[in-house]
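Q: this is the structure alone, sequence omitted:
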Ligand SMILES: NC(=O)N[C@@H](CC(=O)O)C(=O)O
Ligand SMILES: [Zn+2]
Ligand SMILES: [Zn+2]
């Protein structure tokens, strides 16, 4: 007997990778994440980047102040790793209680990564302290060598950086962020339980054709860029496998409309307002809705050694219209992924 699931009640998910930006942008981004998720790992790629515990604390206060009245949303803060991050700052981060991880951006790999790491060896003192203290390293896993094809940069990063890094620091806890390839999914599975990965909704739903459907579609452009269909299928397989190494991270990355729809448009898809609807579509597409709670609400807390959320939420098979745009900073707007589309799922609190 086959049955269609029309309503899915799960523990409230967390988002293990999101960009909220700062100041006026928080009025747009925080209500979205706080509605869908109980907690979120907040990326530190501000200008200037969040490189100290003191800066993370101040940023955390600004996020908390932007929460809707009554919201209990909890931002989990991260530090931006640089060539000069000290072991002392790592120890301070661990002791703070609110800094949960440290983010590695290879310099030049993505948005606001120019202050990132220029050579991984320079970070060895900080990484040794992180391994000792159990502080997770979150990685944007793409090499920056312009000679490497854009679509191959994640696979190259595994061989050139990640494998040597884990050989040197076998106990380091690593999250391979926003994985986009079969290579990355296979690598994570072959690594120990100290290695996990986040997967976005857009990398589960689309392949690289989406960027060129009838013309160039800037809102589907993000980094790492969407890949071929066989990679998308491998990501869906990993996300729905039940393996606790894979968990939800939207990588929702707001950029004002004018900076996306431009001759040199910014990388990033904005999905925070409709993320769970999109993940439900991806899981439903392979009949794996029963695996969504593990991926969205259980595996991440297990990796980060945090309690699971007690509150329940519901996904209903009910149409939801994605707004054409949301208000954003300086009178500009924010165009969500699938703006104007009708999604077959609707997220609500129970
Ligand atoms: N994913 C993106 O395309 N962009 C992110 C940066 C990142 O996560 O690499 C951003 O901050 O805009
Ligand atoms: Zn990234
Ligand atoms: Zn990101």
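A: Great, that's in hand. Here the structure is a predicted model, which is why all the values come from computation and not from measurement. Ligands and ions are numbered 1, 2, ... in the order given.
Q: can you check which helix is longest in the chain?
A: helix 53-65 (DSSP state H).
Q: what residues does the stretch 101-250 of the chain put near ligand 1?
A: Selection of the stretch 101-250 of the chain residues close to ligand 1 by Cβ under 6 Å from any ligand atom yields 110-111, 140, 222-223. The way it works is simple: take the backbone N, C-alpha and C, and place the C-beta from them, glycine included.
Q: show the contacting residues for whatever residue of the stretch 1-150 of the chain ends up closest to ligand 2.
A: Residue nearest to ligand 2 within the stretch 1-150 of the chain: residue 140 (3.6 Å; Cβ to the ion). Listed by Cβ atoms under 8 Å, 6 or more residues apart in numbering, the contact set of residue 140 reads 103-106, 109-110, 113, 177-178, 223.
Q: cutoff 7 Å now
A: Contact partners of residue 140, counting by Cβ atoms under 7 Å, 6 or more residues apart in numbering, are 104-106, 109-110, 177.
Q: by neighbour count, which of the residues you listed wins?
A: Sorting those by how many neighbours each has (other Cβ atoms under 10 Å) puts residue 105 first, at 27 neighbours.
Q: hmm, that residue is touching residue 115, no?
A: No. Contact between residue 105 and residue 115 fails when scored by Cβ atoms under 7 Å: they sit 8.0 Å apart.
Q: which residue packs closest to residue 305, ignoring adjacent ones?
A: Distances taken as Cβ to Cβ, 6 or more residues apart in numbering place residue 134 nearest to residue 305, at 7.9 Å, with adjacent residues excluded.
Q: typo on my end, it should be residue 119
A: Nearest to residue 119 is residue 83, by Cβ to Cβ, 6+ apart, at 7.3 Å.
Q: strands along the stretch 51-200 of the chain, start to end?
A: Taking DSSP state E, counting those that start in this stretch, the strands of the stretch 51-200 of the chain run over residues 74-80, 99-104, 137-139, 174-176, 195-199.
Q: show me what the fourth one packs onto, helices and strands only.
A: Just to be clear, that refers to strand 174-176. For strand 174-176, the helices and strands in contact under the criterion 3 or more Cβ pairs under 7 Å, 6 or more residues apart in numbering; DSSP states H and E are strand 137-139, strand 195-199.
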